[in-house]
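Peer 1: Return a 3D structure for these sequence lines:
(4 chains)
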2 protein chains.
Amino acid sequence: MSEMYAVDATDRKILGQLDEDGRMPVAMIAHNLGLARGTVQARLDRMQAADVFRPHSSRVKPAAFGRPVAAMVQVELDQHLIQEAIGALASIPEVLECFAPAGDTDLLLRVVARDPDDLYRVSEEIRLCPGIMRTSTSLFLRQVIPYRVTGLLAE
Amino acid sequence: MSEMYAVDATDRKILGQLDEDGRMPVAMIAHNLGLARGTVQARLDRMQAADVFRPHSSRVKPAAFGRPVAAMVQVELDQHLIQEAIGALASIPEVLECFAPAGDTDLLLRVVARDPDDLYRVSEEIRLCPGIMRTSTSLFLRQVIPYRVTGLLAE
DNA sequence: GCTTTAGCTAGGCAATCTGTATAGTGGGGC
DNA sequence: GCCCCACTATACAGATTGCCTAGCTAAAGC
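Peer 2: Okay, the predicted model is just below:
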């Protein structure tokens, strides 16, 4: 895994400003932070180029796509078919994310669905992927702390 | 949980354009989609107002904050102290997200850290939160499918 | 059938913002 | 001491935004 560009204190302050208003003009950010406009602009460009950001759409809450139901699916798979499994899973829109954890389960999927019934359909689709041997789905009753990086921003 | 504004096909197309270029001007989006500028502007404003978006900073990959290590922490807690526990957990920057799953575990935390050693420190902090009785941490060796909503966009 | 409402188109305007470039400054590394 | 890099300060043209008007269409309500 390649080393990723690490944002510094100034970058974090800039990002903090954008958090307050995602459309805040560069000049305003610079003014609020006591920086020159060029500096802010250069920082933003650098972060962009350094692949610090996820796609814009990742900001959209899944619920806004009509997928208010979230769940975690643990997958046990045939070790010979890992790549095939991942490829197939990646083609399921409701699979938002996939991790390979250390330990008993081979893959951990973050999935969403329209409703509990739809979740069943999605888990069926997952089960049908090549190499998938067993799955175990656990429904998320609630998102207690919504995704945030704010704390890391403040440091 | 209140019903959330659901993005429609047009909204999704607009978001798709922004995915290709997060700084694409509104006029360009409109042109690409064969819409009037005013329409695109109105849609974006509406989505903004409808709280469809997460904070801007949520786009920043945790690795860029110097937290390349990710893990999941299962928490079992004293049911009388749920609120206290959540409050304390929320004040830990490395806890990016927290779910309440149906089943044996009470809370599922998504955490990041600087390195394995730092992860230990974070899990210590979690253990020290009020109401936390037992924790079980599983390290993510790899993020096989990075977070994305692209599939839902395309529908 | 008629009216109302909501959303879209098309156009225009002023103020603002961006992209880009230049020159000068200060600190850090060698 | 010298070089390099990041930041400041400033400038300018062109593009973009925010806001507004007016007309059109389709769906909904009465």
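Peer 1: ok, and does the helix or strand containing A:I82 reach over to chain B?
Peer 2: For A:I82, the host element (DSSP states H and E) is helix A:82-90. Yes. Counting by C-beta under 8 Å from any C-beta of the partner chain, chain B is contacted by helix A:82-90 at A:86, A:89-90. Just so you know, the C-beta spots here come from the backbone N, C-alpha and C atoms, and that holds for glycine as well.
Peer 1: which one of these is nearest B:E155?
Peer 2: A:A90 (16.0 Å; C-beta to C-beta).
Peer 1: shaky segments in chain A?
Peer 2: The model of chain A has pLDDT under 70 over residues A:1-2.
Peer 1: Residue numbers of it in contact with DNA strand D?
Peer 2: A:10, A:23, A:34-39, A:42-43 (C-beta under 7 Å from any atom of the strand).
Peer 1: secondary structure class for A:E3?
Peer 2: Here A:E3 is recorded as coil under DSSP: H, G, I helix; E, B strand; the rest coil.
Peer 1: Among the residues of chain A next to DNA strand D, which ones are in helices?
Peer 2: A:10, A:37-39, A:42-43 (DSSP state H).
Peer 1: Just the buried residues of the helix holding A:I82, please?
Peer 2: Buried residues in helix A:82-90, defined by neighbour count with 16 or more other C-beta atoms under 10 Å in any protein chain shown: A:85-86, A:88-89.
Peer 1: Tell me if I'm right that A:I145 and B:P93 touch.
Peer 2: No. At 11.6 Å, A:I145 does not count as touching B:P93 under the criterion of C-beta atoms under 8 Å.
Peer 1: Return the member of the residues of chain A next to DNA strand D nearest to A:T150.
Peer 2: Within the residues of chain A next to DNA strand D, the smallest distance to A:T150 is 17.3 Å, found for A:T10 (C-beta to C-beta).
Peer 1: so what's that closest one closest to, chain neighbours aside?
Peer 2: A:R43 (6.4 Å; C-beta to C-beta, 6 or more residues apart in numbering or on different chains).
Peer 1: Can you pull the residues of chain A lying near DNA strand C?
Peer 2: The interface of chain A toward DNA strand C, taken as C-beta under 7 Å from any atom of the strand, is made up of A:25-28, A:37-38, A:41.
Peer 1: possible to save these as JSON lines with distance to chain B?
Peer 2: Below are the residues of chain A next to DNA strand C laid out as JSON lines (distance: C-beta to the nearest C-beta, whole Å):
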{"residue": "A:P25", "distance to chain B": "12"}
{"residue": "A:V26", "distance to chain B": "11"}
{"residue": "A:A27", "distance to chain B": "15"}
{"residue": "A:M28", "distance to chain B": "14"}
{"residue": "A:R37", "distance to chain B": "16"}
{"residue": "A:G38", "distance to chain B": "17"}
{"residue": "A:Q41", "distance to chain B": "12"}
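Peer 1: Can you tell me which of those residues is nearest DNA strand D?
Peer 2: Minimum distance to DNA strand D across these is 3.9 Å, recorded for A:G38 (C-beta to the nearest atom of the strand).
Peer 1: contacting residues for the closest one?
Peer 2: For A:G38, no contacting residues are found, by C-beta atoms under 8 Å, 6 or more residues apart in numbering or on different chains.
Peer 1: re the thing from before, hmm, which of the residues of chain A next to DNA strand D are the buried ones?
Peer 2: Here, 16+ other C-beta under 10 Å leaves A:35, A:43 buried among the residues of chain A next to DNA strand D.
Peer 1: will you turn the residues of chain A next to DNA strand D into a markdown table that also has distance to A:Q17?
Peer 2: Below are these laid out as a markdown table (distance: C-beta to C-beta, whole Å):
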| residue | distance to A:Q17 |
| --- | --- |
| A:T10 | 11 |
| A:R23 | 11 |
| A:G34 | 12 |
| A:L35 | 10 |
| A:A36 | 15 |
| A:R37 | 13 |
| A:G38 | 16 |
| A:T39 | 13 |
| A:A42 | 15 |
| A:R43 | 11 |
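Peer 1: Mind listing the strands the longest strand along chain A pairs with, and their directions?
Peer 2: Ranked by number of residues, the top strand in chain A under DSSP state E is strand A:132-145. Paired with strand A:132-145 in the same sheet, following DSSP bridges, are strand A:69-77 (antiparallel), strand B:95-101 (antiparallel).
Peer 1: if we can go back for a sec, when you filter the residues of chain A next to DNA strand C down to buried only, what's left?
Peer 2: Using 16+ other C-beta under 10 Å as the burial test, the residues of chain A next to DNA strand C include A:V26 as buried.
Peer 1: State the number of residues packed around A:Q143.
Peer 2: 15 (other C-beta atoms under 10 Å in any protein chain shown).
Peer 1: tell me the contacts of the closest residue to it other than its chain neighbours?
Peer 2: Spatial nearest neighbour of A:Q143, chain neighbours left out: B:F99 (5.7 Å); criterion: C-beta to C-beta, 6+ apart. Going by C-beta under 8 Å, 6+ apart, B:F99 touches A:70, A:72, A:140-144, B:107-108, B:110.
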